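Visitor: Build me a model from this:
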Amino acid sequence: MLILQLLVPVVLVVVAVLIFLAARGSMGRSPLQDQQDAEWRAMRDERRRARAERRSSDR
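Guide: Down below sits the predicted model:
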(Lines give C-alpha, C1' and ligand atoms only; values in the text may rest on other atoms or scores of the structure.)
Protein backbone atom coordinates (compact mmCIF):
# COMPACT_ATOMS: atom_id res chain seq x y z
CA MET A 1 0.00 0.00 0.00
CA LEU A 2 2.84 2.39 0.78
CA ILE A 3 4.34 1.70 -2.63
CA LEU A 4 1.11 2.77 -4.35
CA GLN A 5 1.00 5.97 -2.31
CA LEU A 6 4.51 6.84 -3.49
CA LEU A 7 4.04 5.61 -7.04
CA VAL A 8 0.90 7.61 -7.93
CA PRO A 9 2.43 11.10 -7.42
CA VAL A 10 5.59 10.07 -9.26
CA VAL A 11 3.58 8.78 -12.23
CA LEU A 12 1.47 11.96 -12.27
CA VAL A 13 4.59 14.15 -12.33
CA VAL A 14 6.14 12.07 -15.12
CA VAL A 15 2.93 12.30 -17.19
CA ALA A 16 2.73 16.07 -16.63
CA VAL A 17 6.37 16.53 -17.72
CA LEU A 18 5.83 14.41 -20.83
CA ILE A 19 2.72 16.41 -21.79
CA PHE A 20 4.63 19.66 -21.26
CA LEU A 21 7.53 18.49 -23.41
CA ALA A 22 5.21 17.27 -26.16
CA ALA A 23 3.35 20.58 -26.24
CA ARG A 24 6.56 22.57 -26.27
CA GLY A 25 8.03 20.47 -29.07
CA SER A 26 4.95 20.81 -31.24
CA MET A 27 5.12 24.61 -31.08
CA GLY A 28 8.47 24.82 -32.84
CA ARG A 29 8.89 24.66 -36.57
CA SER A 30 11.09 22.02 -38.05
CA PRO A 31 13.47 22.72 -40.96
CA LEU A 32 11.35 20.36 -43.08
CA GLN A 33 8.26 22.48 -42.43
CA ASP A 34 10.19 25.62 -43.37
CA GLN A 35 11.39 23.99 -46.59
CA GLN A 36 7.90 22.78 -47.50
CA ASP A 37 6.46 26.23 -46.80
CA ALA A 38 9.10 27.85 -49.01
CA GLU A 39 8.39 25.39 -51.83
CA TRP A 40 4.65 25.98 -51.51
CA ARG A 41 5.12 29.76 -51.60
CA ALA A 42 7.34 29.46 -54.68
CA MET A 43 4.75 27.35 -56.50
CA ARG A 44 1.99 29.77 -55.50
CA ASP A 45 4.01 32.75 -56.73
CA GLU A 46 4.74 30.97 -60.01
CA ARG A 47 1.04 30.24 -60.55
CA ARG A 48 0.18 33.88 -59.82
CA ARG A 49 2.87 35.09 -62.21
CA ALA A 50 1.67 32.75 -64.97
CA ARG A 51 -1.94 33.83 -64.41
CA ALA A 52 -0.95 37.50 -64.60
CA GLU A 53 0.97 36.86 -67.84
CA ARG A 54 -2.04 35.08 -69.38
CA ARG A 55 -4.29 37.97 -68.40
CA SER A 56 -1.94 40.57 -69.85
CA SER A 57 -1.52 38.62 -73.12
CA ASP A 58 -5.32 38.34 -73.53
CA ARG A 59 -5.72 42.11 -73.63
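
Visitor: Give the helix, strand or coil label for the residue nearest the centre of the chain.
Guide: Closest to where the C-alpha atoms of the chain average out (Cα atoms, centre = their mean) is residue 29, at 5.5 Å. For residue 29, the secondary-structure state derived from DSSP: H, G, I helix; E, B strand; the rest coil is coil.

Visitor: residue ranges with poor pLDDT in this structure?
Guide: 59 (pLDDT under 70).

Visitor: so where do the helices sit in it?
Guide: 2-27, 31-58 (DSSP state H).

Visitor: With mean neighbour count as new columns, can the ones you listed be given to me in a markdown table?
Guide: Heads up, the C-betas are built off the backbone N, CA and C, glycines and all. Formatted as a markdown table, those follow (neighbours: other Cβ atoms under 10 Å):
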| stretch | mean neighbour count |
| --- | --- |
| helix 2-27 | 9 |
| helix 31-58 | 10 |
